[in-house]
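Q: Here you go, sequence then predicted model.
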Amino acid sequence: MRIRNGDKPFKCEVCDKMFGRSSHLKVHTRIHTGDKPFKCEICDKMFAQGSDLKVHMRIHTGYKPFKCEVCDKMFRQSSHLKRHMRIHTGDKPFKFEVCDKMFGQSKNLKDHTRIHAGDKPFKCELYDKTFAQGSYLKRHMSVHTGDKPLTCEFCDKIFEKVSDLKVHMRMHTVDKGFKCEVCDKIFGQRSNLKVHMRIHTGYKPFNCKVCNKMFAGKSHLMVHTRIHTGDKPFKCEVCDKVFAHGSALKVHSRIHTGYKPFKCTVCDKIFAHGSNMKVHMMIHTGYKPFKCDVCDKIFAQNSHLMVHTRIHTEDKPFKCQVCDEMFRKKMSFEETHEKTCWRYTKHNSRVKCLRESLERLVFKDDFEINHSQVELAITFFGQNTALERHRRMKTMEILSL
């Protein structure tokens with residue numbers, strides 16, 4: 001018998017939900033009773049509906065009948081394909097009402113709400129550390145287990161998540177990536193290509209209400225506004241340091257995890273920052289793009305050029321607070337001069353090195369050393385014993401000359 005639209009005569013006695021067929025009601029009641037009569041003969045998993053078992057069997061058979069027309073990826077269920085298509089379309093139907101952030105999956109929305117609620121249900125059993133998402137815990141556990149991260153077979157770039165590696169791989173497979181027709185750059189997602197194209201067109205539709213600066217992407221504007229608001233929403237869960245950019249937090253976290261995703265293809269040295277690897281590669285290539293306008297000397301890093309120019313300008317910005325000597329390089333001051341110019345006694349009294357005084361000491365013909373000048377430096381020491389130790393040390397140094 002055909003059921004007319006809106007005609008649902010069968011009612012669930014538990015939740016009052018209505019159904020057009022008695023068979024549908026029968027299947028529904030298993031939600032309340034927990035009855036699962038359909039069993040997988042391979043792994044013994046139980047299901048409430050035969051259709052669920054049928055879909056489950058595709059895990060064992062590898063059958064994936066649903067194909068993405070954009071990137072050719074295959075899926076076991078039509079719902080998985082539908083969810084996947086949002087990557088290409090940029091559709092994000094799930095909105096969080098507190099911060100208006102949009103998500104492509106309801107699961108991601110659920111995970112995000114924990115950030116605002118402060119809920120961290122995933123706990124590390126070794127460290128008593130808690131996390132808002134299971135994926136965060138999994139990544140954290142690799143610190144304890146020593147599991148090797150995921151590596152791209154083409155460029156050796158390292159990733160923490162399989163999903164990130166999959167998106168990255170599209171950059172190497174031109175037929176499955178999204179290519180810019182102007183500069184040939186390839187993107188793993190169509191939405192990223194769309195934003196990238198604005199570099200070539202100069203189109204910047206997003207305007208900062210404070211300083212009128214224009215941006216090509218909405219996310220770029222959101223990050224920029226934090227300059228004006230001082231908002232730093234990204235917090236390190238280890239040391240509580242806060243950041244305005246999620247990318248800055250991601251890079252910072254590598255201090256705690258030791259994660260170094262950038263690998264030199266020549267000597268296999270690894271780096272936490274891409275910029276550090278870029279500078280390192282100049283050792284192998286000999287590339288030195290920074291040139292001194294005065295003497296034509298070239299450098300691999302701009303910071304090295306800046307230090308070098310002080311030779312010509314005679315600029316010495318680093319001053320010793322004890323002897324007023326000036327230095328061009330911070331390293332020269334901190335690692336060399338500071339150690340010989342002053343030290344601290346156990347009473348934290350600042351001690352001025354008597355190097356200059358000792359160098360001026362008059363050597364008698366009989367090599368007697370006049371320490372009268374040294375006695376005047378008693379004010380630099382916490383007690384006489386410190387002075388005596390210092391005097392003996394300097395005496396031995398001079399006699400060894």
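A: Received it, and whenever you're ready, just let me know what you need. Numbering: from 1, shown residues only.
Q: Domains in the chain, by residue range?
A: Taking automatic domain parsing as the criterion, the chain consists of the domains 10-69+76-85, 93-230, 232-286, 288-339, 345-399.
Q: Switch the ones you listed over to a markdown table, and while doing so, append mean pLDDT to every line.
A: Formatted as a markdown table, the domains of the chain follow (pLDDT from 0 to 100):
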| stretch | mean pLDDT |
| --- | --- |
| domain 10-69+76-85 | 87 |
| domain 93-230 | 76 |
| domain 232-286 | 83 |
| domain 288-339 | 77 |
| domain 345-399 | 45 |
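Q: could I get these as JSON lines with mean neighbour count?
A: Bear in mind the C-beta positions are built from the backbone N, C-alpha and C, glycine included. Supplementary listing: these in JSON lines, determined by neighbours: other CB atoms under 10 Å:
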{"stretch": "domain 10-69+76-85", "mean neighbour count": "13"}
{"stretch": "domain 93-230", "mean neighbour count": "14"}
{"stretch": "domain 232-286", "mean neighbour count": "14"}
{"stretch": "domain 288-339", "mean neighbour count": "13"}
{"stretch": "domain 345-399", "mean neighbour count": "13"}
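Q: Look up how far Val55 lies from the residue nearest the centre of the chain.
A: By CA atoms, centre = their mean, the chain has its centre lying nearest to Lys250, at 1.7 Å. Remark: distance between Lys250 and Val55 (CB to CB, to the nearest Å) = 36 Å.
Q: Need the residues that contact stretch 108-116.
A: Where contact means CB atoms under 8 Å, 6 or more residues apart in numbering, the residues beyond stretch 108-116 that reach it are 94-96, 98-99, 101, 103, 119-121, 132-133.
Q: Among those, which ones are in strands?
A: 94-95, 103 (DSSP state E).
Q: how about Ser191, what does it touch?
A: For Ser191, the contact set (CB under 8 Å, 6+ apart) comprises 87-88, 90.
Q: closest to Lys67 among those residues?
A: Among those, His88 lies closest to Lys67 (CB to CB), at 13.1 Å.
Q: What separation do you get for that closest one and Ser191?
A: Counting by CB to CB, the gap from His88 to Ser191 is 8 Å.
Q: And Arg58, by the same measure?
A: For Arg58, the distance to Ser191 equals 29 Å [CB to CB].
Q: what ranges do the helices span in the stretch 1-150 of the chain?
A: 22-33, 50-61, 78-89, 106-117, 134-145 (DSSP state H, counting those that start in this stretch).
Q: so which of those helices comes closest to Val210?
A: So among those, helix 106-117 is nearest, using CB to CB, at 25.1 Å.
Q: how big is the angle separating the closest one from helix 78-89?
A: Relative orientation of helix 106-117 and helix 78-89, computed by axes from the mean of the first three to the mean of the last three CA atoms, to 10 degrees: 70 degrees.
Q: Could you tell me how far helix 106-117 lies from the centre of the chain?
A: 20 Å (CA atoms, centre = their mean, to the nearest Å).
Q: Also stretch 224-244?
A: Distance, centroid of stretch 224-244 to centroid of chain: 13 Å (CA atoms, centre = their mean).
Q: Report the backbone C-alpha coordinates of it in CSV.
A: What follows is stretch 224-244, C-alpha atoms only, in CSV (Å, rounded to 0.1, in the frame of the first residue of the first chain):
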residue,chain,number,x,y,z
HIS,A,224,45.3,41.8,10.9
THR,A,225,42.6,43.2,13.2
ARG,A,226,44.4,41.6,16.2
ILE,A,227,47.1,44.3,15.8
HIS,A,228,44.5,46.9,16.8
THR,A,229,42.7,44.8,19.4
GLY,A,230,45.7,43.2,20.9
ASP,A,231,43.8,39.9,20.9
LYS,A,232,46.0,36.8,21.2
PRO,A,233,43.5,33.8,21.1
PHE,A,234,46.1,31.1,20.6
LYS,A,235,47.6,29.8,23.9
CYS,A,236,50.4,27.3,24.3
GLU,A,237,49.1,24.4,26.5
VAL,A,238,52.6,23.8,27.9
CYS,A,239,53.9,27.2,28.9
ASP,A,240,50.8,29.4,28.6
LYS,A,241,52.4,31.8,26.1
VAL,A,242,49.8,33.4,23.8
PHE,A,243,49.9,34.3,20.1
ALA,A,244,47.9,36.3,17.7
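Q: Show me what that stretch is in contact with.
A: Stretch 224-244 is contacted from outside by 129, 131, 208, 210-211, 213, 215, 223, 245-246, 248-249, 252-253, 256, using CB under 8 Å, 6+ apart.
Q: and if you look at stretch 13-25?
A: 3, 7-12, 28-29, 32.
Q: Of the contacts of stretch 224-244, which belong to helices?
A: Counting by DSSP state H, the part of these found in helices is 223, 246, 248-249, 252-253, 256.
Q: still on that earlier bit, could the contacts of stretch 108-116 go into TSV alongside distance to Val279?
A: Shown next, in TSV, are the contacts of stretch 108-116 (distance: CB to CB, whole Å):
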residue	distance to Val279
Phe94	42
Lys95	42
Phe96	40
Val98	41
Cys99	37
Lys101	35
Phe103	37
Asp119	41
Lys120	37
Pro121	42
Ala132	35
Gln133	34
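Q: Gln77: which of those residues is nearest?
A: When the contacts of stretch 108-116 are compared against Gln77 (criterion: CB to CB), the nearest one is Phe94, at 18.8 Å.
Q: Contact partners for the closest one?
A: For Phe94, the contact set (CB under 8 Å, 6+ apart) comprises 102-106, 108-109.
Q: for Val294, same thing?
A: Counted by CB under 8 Å, 6+ apart, Val294 has contacts 309, 312.
Q: I'd assumed it was in a strand, is it?
A: No. Val294 is assigned coil when assessed by DSSP: H, G, I helix; E, B strand; the rest coil, not a strand.
Q: Thr313 versus that one, what's the distance?
A: For Val294 relative to Thr313 (CB to CB), the value is 9 Å.
Q: Lys36 now?
A: Distance of Lys36 to Thr313, given as CB to CB: 80 Å.
Q: quick one on the thing from earlier: can you put the helices of the stretch 1-150 of the chain in TSV and add distance to Lys166?
A: Formatted as TSV, those follow (distance: least, CB to CB, whole Å):
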stretch	distance to Lys166
helix 22-33	34
helix 50-61	19
helix 78-89	10
helix 106-117	16
helix 134-145	14
